[in-house]
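**Student:** Predicted model and sequence below, questions to follow.
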Amino acid sequence: MVSYLLRRLPQAALTMLVMSVVVFVGVFAIGNPVDILISPQATATERDNAIRALGLDLPIWQQYWSFLVNLFQGDVGRSFVFNVSALHLIMERLPATLELALASTLLGLVIGMPFGLYAGLAPNSRVSTSIMAGSILGFSLPSFWVGIVMIMLFSVHLGWLPSGGRGDTVYWLGARWSFLTTDGLAHMAMPVLNLALFQISMVIRLTRAGVREVILSDYVKFARAKGLTETRIILVHVLKNILIPVITVVGLNLGTVIAFAVVTETIFSWPGMGKLIIDSINVLDRPVIVAYLMLMVLMFVVINLLVDLAYMVLDPRVRLESR
């Protein structure tokens, strides 16, 4: 496993370097933050001084080189708007986004796998048909519309849940978390469910397809011939072999949920990274945008690596191939 990690690290470093060029050029070559950050009533001298202070008077290659040198020192720049470290701003919002992403992924697995398992074992039953029809709705309904309906139903009409915000938080492990308080859990309920609907539907269909394929395999037939109970066959032989595709898709989708939770965070006024990046785009706060995008690239690289390591744990063939 160590040799495998050593082979993957240069690939990850090259990926980060290429993406840094793409992100930097894409963000810094579009728009002019000076037009937004500096008052139109400012004099030409004040305008020139602000441009030099922000480093926007340099050619783009010099700006990138300065960004790259600072990046290796752990500095991604200072926010044009707040005049603090862009990474500090993002790390303050990261726990809020991680709460939603991890909770929705866990909910997707806890609900999706049992339903998908049942739908795969009894594909012709009415319950299975209803489950698959519900999964289609989960794929089809837009998250912004579902979020608005949730607010109208559970907050406005029934008054069961708060419509927005993060609620009470508890300081733990250097960050503030909502899931450790009752009020925080109440505020998390609707945004987590909104994010989880797509994942529940995806896990249901992946699990069902995997069960239908595995249940007809020779080793399952051999296990039945040995006299093993149906419960043991399902838990040991079927479930373990369908975990690989499920882990692959759910793991990669976790990065997508973290990166694109912006719609849910906006609807429910959740103070996460998504809301921060929208505000930063509106004012062309380039350092914050670049820091956010680079963090997303790093997350995808790490998640891909963790998924590959999970393969090695679940599938002995992968371990033999890596050797």
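**Tutor:** Received it, and whenever you're ready, just let me know what you need. Numbers count the residues shown, from 1 in each chain.
**Student:** Need the per-residue pLDDT for the residue nearest to the spatial centre of the chain.
**Tutor:** Of all residues in the chain, the one closest to the mean position by Cα atoms, centre = their mean is Ile258, 2.3 Å from it. Looking at Ile258, its pLDDT stands at 80.
**Student:** my guess is it meets Ala96, correct?
**Tutor:** No. With contact defined as Cβ atoms under 8 Å, Ile258 does not reach Ala96; the gap is 11.1 Å. Yep, even glycine has a C-beta here, placed from its N, CA and C like the rest.
**Student:** can you list residues touching both of these two?
**Tutor:** The contact sets of Ile258 and Ala96 overlap at Met273 (Cβ atoms under 8 Å, 6 or more residues apart in numbering).
**Student:** host element of Ala223?
**Tutor:** helix 218-225 (DSSP states H and E).
**Student:** what comes up buried for the helix ranked longest in the chain?
**Tutor:** Longest helix in the chain by number of residues (criterion: DSSP state H): helix 86-121. Under the neighbour-count criterion of 16 or more other Cβ atoms under 10 Å, helix 86-121 has 86-87, 89-90, 93-101, 103-105, 107-109, 111-113, 115-121 buried.
**Student:** try stretch 158-176
**Tutor:** 161-164, 166, 169, 176.
**Student:** now stretch 182-196
**Tutor:** Buried residues in stretch 182-196, counted by 16+ other Cβ under 10 Å: 184, 187-196.
**Student:** What of stretch 238-247?
**Tutor:** Buried residues in stretch 238-247, counted by 16+ other Cβ under 10 Å: 238-239, 241-244, 246-247.
**Student:** Now tell me what touches it from outside.
**Tutor:** 109, 113, 117, 203, 206-207, 210-211, 214-215, 217, 220, 307, 310-311, 314-315.
**Student:** Select only the buried ones of these in PyMOL?
**Tutor:** Selecting only the buried entries of the contacts of stretch 238-247 in PyMOL, with 16+ other Cβ under 10 Å as the criterion:
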select buried, resi 109+113+117+203+206+207+210+211+214+215+220+307+310+311
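**Student:** List the ones among the contacts of stretch 238-247 that fall in helices.
**Tutor:** Per DSSP H, the contacts of stretch 238-247 map to helices at 109, 113, 117, 203, 206-207, 210-211, 214, 220, 307, 310-311, 314.
**Student:** what stretches of this protein score poorly on pLDDT?
**Tutor:** Applying pLDDT under 70 to the chain flags residues 1-5, 29-42, 46-47, 54, 56, 311, 313-323.
**Student:** picking that back up, Serialize the buried residues of stretch 238-247 to JSON lines and add fields for distance to Val23 and secondary structure.
**Tutor:** Formatted as JSON lines, the entries for the buried residues of stretch 238-247 read as follows, by distance: Cβ to Cβ, whole Å; DSSP: H, G, I helix; E, B strand; the rest coil:
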{"residue": "Val238", "distance to Val23": "43", "secondary structure": "helix"}
{"residue": "Leu239", "distance to Val23": "40", "secondary structure": "helix"}
{"residue": "Asn241", "distance to Val23": "39", "secondary structure": "helix"}
{"residue": "Ile242", "distance to Val23": "36", "secondary structure": "helix"}
{"residue": "Leu243", "distance to Val23": "34", "secondary structure": "helix"}
{"residue": "Ile244", "distance to Val23": "32", "secondary structure": "helix"}
{"residue": "Val246", "distance to Val23": "31", "secondary structure": "helix"}
{"residue": "Ile247", "distance to Val23": "28", "secondary structure": "helix"}
